[in-house]
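Visitor: Show me how the following folds:
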Amino acid sequence: MGRVVLVTGVGRYLGARTAQILADDPAVDRVLAVDLVPSPHPLGRAEFLRADIRSPVISKILGRGDIDTVVHMNVLATPTAVGGRAPQKEINVIGTMQLLAACQRAPGLRSVVVKSSSTVYGASPKDAALFTEEMAPKSPPRSGYAKDTVEVEGYVRGFARRRPDVSVTTLRFVNFIGPRVRTPFTEYFTLPVVPTVLGFDARLQFVHEEDGLEAVRMATLADRPGIYNVAGDGVILLSQAVRRAGAIDGPVPSLAAGLVGSLFRRARLADFSPEQVRFLTYGRAVDTSRARDVLGFAPRFTTEQAFEDFLATRRPQVEGVHTWAAGMERALLDSMTRGRAHAG
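Guide: Residues are numbered from 1 along each chain as shown. As a prediction, the model looks like this:
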């Protein structure tokens, strides 16, 4: 018999695509797709169940659905998607805690896969060139999504100790990018003026959305417990990415970077937490040898290719934003010129 899989977080693109891909896999008999809201994205043959993983109902679903595998995709990177930082933390941390408590009581469970993030490594000027899975951060995350991922992984490790009979896999993804996924960084690179930190040129790594989803599929079916970094090969400098996006580099002194991030959040132009500002200052890169050697995962797209694929599909939108910005600039200059003429 094939697997019966429960996928959380299907109200967003990556969760929905995970459910769809697994439902189409011949090794999977059934997929239950769970979220508090109906998915706006296609789920294929997956069965949607409206449920809040923070509530006791998730235990009932796990108890009566013959579920042997749980894929936890409901760890949110963006607070604006759920109405602010407080709901985001509750979904990420409390939701994971309640889900794992339900998993602990599910006798038929054999595998858990958790979508985590390389943000657990933090960002610091003292960082190694590449983080391996065993390395601890030089500057541990202190806020936002990055801190959530640290807490989520703590609960995952506790669950693995309590249920040694269950295969537990944690995937630490770098930033997803591609033609369809929407993240703070895909919005960042569509801005006409991209704020950067003066005097720094961060190293960036991306994983193409299709590669990331393939890593989830492989981890779900392979039963290879452990922690794995997932990223496209190579790095790209922030300055290179800004130029390729056709944007204007807007360097900001490091002391004002936090203020700029706050202003962009309030204007809903991009969601920059303090931890993301640190990342854009110092950058981060991870070693993916373990994913290749143990999980057998080899990305099709390098970091640069993933970024180019994102630009190829978003270029009309980027150009439209830039045209709008140029028009606004001309209108402002014309207004100032007319004002000076009247004053004279």
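
Visitor: Quick check: pLDDT value at the closest residue to residue 141 other than its chain neighbours.
Guide: Distances taken as CB to CB, 6 or more residues apart in numbering put residue 147 closest to residue 141, at 4.6 Å, once the chain neighbours are dropped. Quick note: C-beta positions are derived from backbone N, CA and C, even for glycine. With respect to pLDDT, residue 147 has a value of 94.

Visitor: so residue 147 is in which element?
Guide: Using DSSP states H and E, residue 147 sits in helix 144-162.

Visitor: can you give me how far that helix is from the chain middle?
Guide: A distance of 16 Å separates the centroid of the chain from that of helix 144-162, by CA atoms, centre = their mean, to the nearest Å.

Visitor: buried sites along it?
Guide: 144-153, 155-156, 159-160 (16 or more other CB atoms under 10 Å).

Visitor: That helix packs against which elements?
Guide: Under the contact definition 3 or more CB pairs under 8 Å, 6 or more residues apart in numbering; DSSP states H and E, helix 144-162 sits against helix 85-89, helix 95-104, strand 111-117, strand 167-173, helix 274-282.

Visitor: right, so these: which one is the most enclosed?
Guide: strand 111-117 (a mean of 25; mean count of other CB atoms under 10 Å).

Visitor: Now do that strand: which elements does it pack against?
Guide: strand 69-72, helix 95-104, helix 144-162, strand 167-173, helix 209-222.

Visitor: so which of the ones you listed gets nearest residue 85?
Guide: Proximity to residue 85 (CB to CB) singles out helix 144-162 among those, at 7.2 Å.

Visitor: out of the helices and strands packed on helix 144-162, nearest to residue 301?
Guide: strand 167-173 (13.6 Å).

Visitor: and the angle from the closest one to helix 209-222?
Guide: Computed by axes from the mean of the first three to the mean of the last three CA atoms, to 10 degrees, the angle separating strand 167-173 from helix 209-222 equals 170 degrees.

Visitor: Give me the contacts around strand 167-173.
Guide: The contact list for strand 167-173, computed with CB atoms under 8 Å, 6 or more residues apart in numbering, reads 110-118, 120, 133, 153, 156, 159-160, 207, 212, 215-216, 219, 223-231, 286.

Visitor: how about a cut-off of 7 Å?
Guide: 110-118, 120, 153, 156, 159-160, 207, 212, 215-216, 219, 223-230 (CB atoms under 7 Å, 6 or more residues apart in numbering).

Visitor: And stretch 24-44, by the same measure?
Guide: 1-11, 13, 16-17, 19-20, 22-23, 45-53, 61, 65, 67, 217, 221.

Visitor: Any idea how far that stretch is from the middle of the chain?
Guide: That offset, for stretch 24-44, works out to 19 Å (CA atoms, centre = their mean).

Visitor: Just the buried residues of it, please?
Guide: Neighbour-count burial for stretch 24-44 flags 28, 30-36, 39, 41, 43 (criterion: 16+ other CB under 10 Å).

Visitor: tell me the mean pLDDT over it?
Guide: Per-residue scores along stretch 24-44 average to 95.

Visitor: One more: stretch 114-122?
Guide: 97.

Visitor: quick revisit: distance-wise, check the residue nearest to residue 141 relative to residue 8.
Guide: 20 Å (CB to CB, to the nearest Å).
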